[in-house]
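**Q** okay, predicted coordinates and the sequence, questions at the end:
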Amino acid sequence: MTNMKSLKDLTLLNRFLFAEAMDDPVNMRNLLEIILGREIVLKDLPQTEKEQRNSPLYRYVKLDVWAVDEEGTVYDTEPHRGEAEPLPKRSRHYQSMIDSKLLKPGKVDYTDMNNIYIIVITPYDVFQAGRYMYTFRMACKEEPGLELEDGAVRIFLNTHGTNENEVSPELVELLNYMENTNTCPPAKSEKLSEIQKRVAAIKSSEEVGVKYMQAWEEKVLEREAGRKEGLEEGLLRGQAEKLKELAAKKKQKGKTPEQAAEDLEEDVEVIRRIYEELEIREPKNG
């Protein structure tokens, strides 16, 4: 736990601090209004780290902050500090996971699907064009100006933008604050000022400090459990390959699955399956 930052040192790009701050519906509304430049009325309380999973067999995602307005539009807002993952494809995965939950089972009218905004905020320029904001909607390549109008919008925000004259000063101030939370002066924007007050209250809260410590410890335990599981899986794969190798040698000597299973002290059904796999792989004569 030596790499753990104190709660007071976190910036708003940190997922924990961002979720705590945007758990307040006023802050969530202010954030969205600054980004989208229009009034938003949220229907329900924001949800933080909302898990989305289609099946226990498939990878799940935790959506950092999920909110819905009175018109049913869904907003998923995600801060990302690292460059390890290809964010455009990650945003596609987020959208697909959300879309899969928007229609109830048996519902066939796709017009009932909610409009959706995926908003990703990064301290680097994903597209290297110097913009603070990149807004993507599906459009037709062959017919300029023709949009698909599927209700899905993906927005990438870059704290290091250079086109101040093309976006609102409020957005520039917000993005600067998100990256430099601990050194920014009091905000000029009334909406951002409310967010700053909430963040200051969070950082001075002993209760949130304990919650942050517990969240960090849980992540450490999860990583350790993941490494252990990976090692165990590796060992099992190695054992399986060794068993296949030994069974192949028994088969080459003309031993039946039953004889090989007895020699190897293994379940006969396991050996039969290995024999079947070996027969499929073996080239047929003629």
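**A** Thanks, I have it.

**Q** Val74 against Asn114, yeah?
**A** Yes: with contacts counted by CB atoms under 8 Å, Val74 reaches Asn114, the gap being 4.9 Å. No exception for glycine: its C-beta is placed from N, CA and C like everyone else's.

**Q** shared neighbours of these two, anything?
**A** Jointly contacting Val74 and Asn114 under the rule CB atoms under 8 Å, 6 or more residues apart in numbering are Val68, Leu102.

**Q** and these two? Which one has more around it.
**A** Higher neighbour count among Val74 and Asn114: Val74, with 22 against 17, using other CB atoms under 10 Å.

**Q** next, give phi and psi for the more buried one.
**A** phi -100, psi 130 (degrees, to the nearest 10).

**Q** so, low pLDDT: which residues of the stretch 51-200 of the chain?
**A** 51-64, 83-85, 106 (pLDDT under 70).

**Q** where along it do the strands fall?
**A** For the stretch 51-200 of the chain, applying DSSP state E, counting those that start in this stretch gives strands covering 61-68, 74-79, 116-122, 133-136, 152-158.

**Q** just the angle for the third one relative to strand 152-158, thanks.
**A** Same thing as strand 116-122. Counting by axes from the mean of the first three to the mean of the last three CA atoms, to 10 degrees, strand 116-122 lies at 10 degrees to strand 152-158.

**Q** so which elements touch strand 116-122?
**A** Where contact means 3 or more CB pairs under 8 Å, 6 or more residues apart in numbering; DSSP states H and E, strand 116-122 is packed against strand 74-79, helix 87-102, strand 152-158.

**Q** who touches that strand?
**A** Against strand 116-122 from outside (CB under 8 Å, 6+ apart): 13, 35-36, 73-81, 87, 90-91, 94-95, 98-99, 102, 126, 151-159, 175, 178.

**Q** now with 7 Å, please.
**A** Contact with strand 116-122 is made by 13, 35, 73-80, 87, 91, 94-95, 98, 151-158, 178, as judged by CB atoms under 7 Å, 6 or more residues apart in numbering.

**Q** then the second one?
**A** Residues lying outside strand 74-79 but in contact with it, judged by CB under 7 Å, 6+ apart, are 13, 15, 18, 22, 31-32, 63-68, 94, 98, 114, 116-121.

**Q** can you show me the helices along the chain?
**A** All helices of the chain, identified by DSSP state H, fall at 15-22, 25-36, 87-102, 169-179, 190-203, 206-252, 257-264, 268-281.

**Q** any chance of the ones you listed in JSON lines, with mean neighbour count and distance to Lys141 too?
**A** Shown next, in JSON lines, are the helices of the chain (neighbours: other CB atoms under 10 Å; distance: least, CB to CB, whole Å):
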{"stretch": "helix 15-22", "mean neighbour count": "22", "distance to Lys141": "36"}
{"stretch": "helix 25-36", "mean neighbour count": "20", "distance to Lys141": "26"}
{"stretch": "helix 87-102", "mean neighbour count": "16", "distance to Lys141": "17"}
{"stretch": "helix 169-179", "mean neighbour count": "20", "distance to Lys141": "29"}
{"stretch": "helix 190-203", "mean neighbour count": "18", "distance to Lys141": "38"}
{"stretch": "helix 206-252", "mean neighbour count": "12", "distance to Lys141": "42"}
{"stretch": "helix 257-264", "mean neighbour count": "17", "distance to Lys141": "58"}
{"stretch": "helix 268-281", "mean neighbour count": "14", "distance to Lys141": "45"}
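
**Q** now the ones you listed in TSV, with distance to Asp9?
**A** Formatted as TSV, those follow (distance: least, CB to CB, whole Å):
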stretch	distance to Asp9
helix 15-22	10
helix 25-36	20
helix 87-102	25
helix 169-179	13
helix 190-203	9
helix 206-252	11
helix 257-264	57
helix 268-281	54
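
**Q** any idea which of the ones you listed gets closest to Gly130?
**A** For the helices of the chain, proximity to Gly130 was assessed by CB to CB; helix 169-179 is nearest, at 13.0 Å.

**Q** elements contacting that closest one?
**A** helix 25-36, helix 190-203 (3 or more CB pairs under 7 Å, 6 or more residues apart in numbering; DSSP states H and E).

**Q** of all these, which one is nearest Tyr132?
**A** helix 25-36 (10.1 Å).

**Q** mind saving the C-alpha coords of that closest one as PDB?
**A** This file holds the C-alpha atoms of helix 25-36, laid out as PDB (Å, rounded to 0.1, in the frame of the first residue of the first chain):
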ATOM      1  CA  PRO A  25     -27.300  15.200  -7.800                       C
ATOM      2  CA  VAL A  26     -26.600  18.900  -7.800                       C
ATOM      3  CA  ASN A  27     -23.000  18.300  -8.600                       C
ATOM      4  CA  MET A  28     -23.900  15.800 -11.300                       C
ATOM      5  CA  ARG A  29     -26.300  18.200 -12.800                       C
ATOM      6  CA  ASN A  30     -23.800  21.000 -12.800                       C
ATOM      7  CA  LEU A  31     -21.100  18.800 -14.400                       C
ATOM      8  CA  LEU A  32     -23.400  17.700 -17.200                       C
ATOM      9  CA  GLU A  33     -24.700  21.300 -17.800                       C
ATOM     10  CA  ILE A  34     -21.100  22.600 -18.100                       C
ATOM     11  CA  ILE A  35     -20.100  19.800 -20.500                       C
ATOM     12  CA  LEU A  36     -23.300  19.900 -22.700                       C
END
